[in-house]
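sequence first, predicted coordinates after that:
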Amino acid sequence: MAASKRIKETHNPTQQKIVGYLKSGLMRGKHYFKSKYIARDLGLSAKEVGTNLAILADICEELDIMRWSYSNSTTWRVTPRAA
């Protein structure tokens with residue numbers, strides 16, 4: 001519960017949706033995410049996703065988010081942050 005409360009206090013609603021999406025993907029074993037597919041699944045623009053992921057890469061305490069490659073859309077590598 002504390003982690004969920006901390007996310008709500010530090011991230012805007014769009015960032016909260018993206019973090020939830022990434023965590024769900026990690027639980028299914030995914031580690032690479034394309035901005036355009038996140039955008040499609042969450043009803044956002046790819047630019048909006050990319051902008052927020054760049055911010056989250058700097059401020060998210062629970063996930064390591066790294067711009068990985070660009071091919072038709074930016075790919076992001078996401079892993080749980082070591083405690």
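Looks like it came in fine.

name the secondary structure element that contains Phe33.
Element membership of Phe33, judged by DSSP states H and E, is strand 32-34.

adjacent strands (with direction) for that strand?
Applying DSSP bridges to the sheet, strand 32-34 is found paired with strand 74-80 (antiparallel).

quick one: mean pLDDT over the strand it pairs with.
Confidence over strand 74-80, taken as the mean pLDDT, stands at 95.

and Leu26, what element?
Leu26 belongs to helix 13-27 when elements are defined using DSSP H and E.

sorry, back to before: report the distance from the strand holding Phe33 to the chain centre.
Taking the mean of its C-alpha atoms, strand 32-34 sits 9 Å from the chain's own mean (CA atoms, centre = their mean, to the nearest Å).

one step back: mind giving me the packing neighbours of the helix holding Leu26?
With contacts defined as 3 or more CB pairs under 8 Å, 6 or more residues apart in numbering; DSSP states H and E, helix 13-27 has these neighbours: helix 2-10, helix 35-42, helix 46-59, strand 63-70, strand 74-80. (Each C-beta comes from the backbone N, C-alpha and C, glycine too.)

swap in 6 Å and give it another go.
Under the contact definition 3 or more CB pairs under 6 Å, 6 or more residues apart in numbering; DSSP states H and E, helix 13-27 sits against helix 46-59.

need the helix or strand of this protein with the lowest average pLDDT.
helix 2-10 (a mean of 57; mean pLDDT, DSSP states H and E).

okay, Ala39 and Ser73: tell me how far apart.
Distance from Ala39 to Ser73, counting by CB to CB, to the nearest Å: 9 Å.

I should have written His11 there, sorry.
22 Å.

cool, Ile59 as well?
Counting by CB to CB, the gap from Ile59 to Ser73 is 23 Å.

between these two, which is the more surrounded one?
Ser73 (17 against 10; other CB atoms under 10 Å).

which residue, other than its chain neighbours, is closest to that one?
Nearest residue to Ser73, sequence neighbours excluded (CB to CB, 6 or more residues apart in numbering): Lys36, at 3.9 Å.

which strand residues bridge the residue nearest to Ser69 when sequence neighbours are not counted?
Taking CB to CB, 6+ apart as the measure, Ser69 lies nearest to Thr75, with 4.7 Å between them; neighbours along the chain are not counted. According to DSSP bridges, Lys34, Ser69 are recorded as the beta-bridge partners of Thr75.
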